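# Predicted model and sequence below, questions to follow.
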Amino acid sequence: MNRWFLRGLRTGIVTTRFPSGIDAMPAGWRGRAVCQEGADAQSIARAAAVCLSGAIEERSGAVDVDRCFQCGECARITPRAFAMSAEFNLAHFSADPTEERARLRERVRSLGKSIMIRHIDVGSDCSEDQEMQALFNPYYDVTRLGIFLTASPRHADLLAVTGAVTGAMAEPLRRTYDAMPEPKVVVAVGTSAASGGIFAGSPGIIGAVERVIPVDIAIPGSPPPPLAIIAGLWLALGRIPPVACR
Ligand code: SF4
């Protein structure tokens, strides 16, 4: 808070420019894991063996962005084979983007410039919820973009879901979705919501949100930072940021 306050005094700017301008991520920011060109099979196998979420494909070394929770362990033990990228915007359509982009744009056409979000936690570790809360602080201040929270699904345009779905939360999630009016845009916020993350396959855990309700946009990250969530919401609303945000 103090740093934010002092920077505001120094620069005269208190709110992020994103998405109309690029904001630099803090030094040491760790994005997702990437397999380096020329990585040998032995290193890939070692990295895959330590990856708790099974994000690394053993033969090719490809990293599943929805499963990687950015722990950095693969890059630590095999630094020549894997590295952590600085990407922060990992939001993507949950289905084929060429078809889904047009379909979603058509669906959200009626929403206008202002949207109401219902946020539901279906089993998160609270890290994604903290980032969701940060969207409304004075720095990120998404109300400047016409994004507001609502407590009722009946008033919601967009459902933001955090956490891997637990058995107990599947029915409340389904009922929340059913209570929303069309066009019901659904965004899975965080690696756990996108794929189940390290909780997938655990007793009492159903896993990815798409196993219970249809998902339009996934925003992987553990947790995704507020800028990544804003970029994901922008993607969902068909308002692609005018600047590259990776
Ligand atoms: S979850 Fe950790 S070990 Fe697995 S790919 Fe991501 S950074 Fe590497």
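All right, it came through fine.

# quick one, helices of the chain?
Counting by DSSP state H, residue ranges of the helices within the chain are 2-11, 41-50, 73-77, 97-108, 127-134, 170-179, 191-195, 226-236.

# between those helices, which one is nearest to the ligand?
With Cβ to the nearest ligand atom, the closest approach to the ligand among the helices of the chain belongs to helix 73-77: 3.3 Å. For glycine as for every other residue, the C-beta is placed from the backbone atoms N, C-alpha and C.

# Next, format the helices of the chain as JSON lines and append mean neighbour count, mean pLDDT and distance to residue 210.
Below are the helices of the chain laid out as JSON lines (neighbours: other Cβ atoms under 10 Å; pLDDT from 0 to 100; distance: least, Cβ to Cβ, whole Å):
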{"stretch": "helix 2-11", "mean neighbour count": "10", "mean pLDDT": "73", "distance to residue 210": "36"}
{"stretch": "helix 41-50", "mean neighbour count": "16", "mean pLDDT": "96", "distance to residue 210": "24"}
{"stretch": "helix 73-77", "mean neighbour count": "18", "mean pLDDT": "96", "distance to residue 210": "25"}
{"stretch": "helix 97-108", "mean neighbour count": "14", "mean pLDDT": "75", "distance to residue 210": "13"}
{"stretch": "helix 127-134", "mean neighbour count": "18", "mean pLDDT": "96", "distance to residue 210": "16"}
{"stretch": "helix 170-179", "mean neighbour count": "15", "mean pLDDT": "98", "distance to residue 210": "11"}
{"stretch": "helix 191-195", "mean neighbour count": "31", "mean pLDDT": "96", "distance to residue 210": "8"}
{"stretch": "helix 226-236", "mean neighbour count": "24", "mean pLDDT": "91", "distance to residue 210": "15"}
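
# Turn those into TSV, including distance to residue 160.
Shown next, in TSV, are these (distance: least, Cβ to Cβ, whole Å):
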stretch	distance to residue 160
helix 2-11	24
helix 41-50	31
helix 73-77	29
helix 97-108	15
helix 127-134	6
helix 170-179	11
helix 191-195	9
helix 226-236	8
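
# who in the chain is up against the ligand?
33, 50-51, 53, 55-56, 63, 68-74 (Cβ under 6 Å from any ligand atom).

# Nice, that's everything, thank you.
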